[in-house]
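[1] turn this into a structure:
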Amino acid sequence: MEYENKICFRLFGRDALFTDPVTKTGGEKCTYSIPTYQALKGITESIYWKPTFIWYIDRLRVMKPIRTQAKGMRIMKYQEDKNDLSIYTYLRDVEYHVEAHFEWNEQRPELAADRNENKHYLIAKRMLERGGRRDIFLGCRECQGYVEPCSFDEGESPYDQMEELPLGWMVHGISYPDETGREYMETRLWKPVMRHGCVEFIRPEACSVVQQTRKMSPKKFGNGNFSGLQEFEGGGEGI
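    Next comes the predicted model:
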């Protein structure tokens with residue numbers, strides 16, 4: 001399905017660590033081969049976000065070979081006065097093309113007056129041209145990322161001629177009560193397949209393996225904690 005409010009951006013950086021949670025139990029981290037849906041959603045929200053809408057990631061294109069590098073990391077032991085050495089496995093020299101669009105958050109009826117699609121789309125495009133409103137991180141704090149506008153199909157991928165590459169079970173993302181209306185947080189799993197260098201993401205509600213993580217209540221927005229509410233209630237465009 002085509003959306004008129006979609007954006008496409010080039011995402012790149014020197015290192016990335018999209019952690020496979022299975023590898024964290026031993027105190028070490030190993031990255032997935034590609035970014036998770038949730039990581040890309042967080043990056044898109046760093047470009048531009050408001051609680052009025054939800055970003056959905058449509059496609060990912062891998063533009064550089066998938067390479068890894070192991071690094072020794074000194075991890076602080078908070079129960080002791082000494083630290084320890086762990087091995088983290090990072091992705092090296094990464095570059096992706098990402099396509100995303102936004103839809104209104106139906107769990108936020110109090111923000112219905114802010115549903116101006118053209119306004120938010122134009123702001124998102126401006127913020128993308130400036131590299132995003134907030135810092136971009138590729139999976140973790142020590143991996144700085146960068147974004148800029150691009151065309152999804154431009155350039156060549158080293159995997160253009162590869163018909164199919166199954167990537168196994170991966171975390172798709174986390175569903176929060178602010179977006180689902182349910183009183184608990186959920187973790188979603190799926191099995192992505194890369195075809196000709198591209199991964200087509202399924203929608204969160206299409207994930208068949210979902211685990212309730214813990215109880216959680218949605219955050220309430222009002223005049224006391226969201227200044228934009230007063231602005232568009234008064235006839236303005238909000239922030």
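
[2] residue 101: what's it in contact with?
    The neighbourhood of residue 101, defined by Cβ atoms under 8 Å, 6 or more residues apart in numbering, consists of 3, 5, 6, 7, 55, 56, 58. Heads up, the C-betas are built off the backbone N, CA and C, glycines and all.

[3] is it in a helix, a strand, or coil?
    Under DSSP: H, G, I helix; E, B strand; the rest coil, residue 101 falls in the strand class.

[4] for it, give me the pLDDT.
    Per-residue pLDDT puts residue 101 at 97.

[5] endpoint to endpoint, stretch 19-29 covers what distance?
    Looking at stretch 19-29, the gap from its leading to its trailing residue is 6 Å under the measure Cα to Cα, to the nearest Å.

[6] can you give me the strands for this structure?
    Counting by DSSP state E, residue ranges of the strands within the chain are 7-16, 29-30, 53-62, 68-76, 83-104, 136-137, 144-149, 165-166, 170-175, 184-190, 193-194, 198-200, 209-215.

[7] quick one: closest of those to residue 36.
    Between residue 36 and the strands of the chain, the shortest separation by Cβ to Cβ is 5.4 Å, and it involves strand 170-175.

[8] that closest one - contacts with which helices or strands?
    Applying 3 or more Cβ pairs under 8 Å, 6 or more residues apart in numbering; DSSP states H and E, one finds that strand 170-175 contacts helix 37-47, strand 184-190.

[9] least confident secondary structure element in this protein?
    Using mean pLDDT, DSSP states H and E, the weakest-scoring helix or strand in the chain turns out to be helix 227-233, at a mean of 53.

[10] quick one, the longest helix along the chain and strand 7-16 angle?
    The single longest helix within the chain, with elements called by DSSP state H, is helix 117-129. Between helix 117-129 and strand 7-16, the angle comes out at 30 degrees (axes from the mean of the first three to the mean of the last three Cα atoms, to 10 degrees).

[11] helices or strands up against helix 117-129?
    In terms of contacts (3+ Cβ pairs under 8 Å, 6+ apart), helix 117-129 is packed against strand 7-16, helix 37-47, strand 83-104, strand 144-149.

[12] okay, those in CSV with distance to residue 187 next?
    Converted to CSV, these look like this (distance: least, Cβ to Cβ, whole Å):
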stretch, distance to residue 187
strand 7-16, 21
helix 37-47, 9
strand 83-104, 21
strand 144-149, 23
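
[13] rank those by mean pLDDT and give me the bottom one.
    Mean pLDDT is lowest for strand 83-104 among those, at a mean of 92.

[14] if we can go back for a sec, how about the helices and strands packed on helix 117-129, which one is nearest residue 202?
    Residue 202 lies closest to helix 37-47 among these, at 8.4 Å (Cβ to Cβ).

[15] so where's this structure uncertain?
    The model of the chain has pLDDT under 70 over residues 1-3, 76-83, 221-239.

[16] at 50 instead, please
    Low-confidence segments of the chain, defined by pLDDT under 50, are located at 234-239.

[17] where's residue 94 relative to residue 63, distance?
    Distance check for residue 94 against residue 63: by Cβ to Cβ, to the nearest Å, it reads 8 Å.

[18] and the two? Which one has more around it.
    Neighbours of residue 94 and residue 63, each counted by other Cβ atoms under 10 Å, are more numerous for residue 94; the result is 26 against 20.
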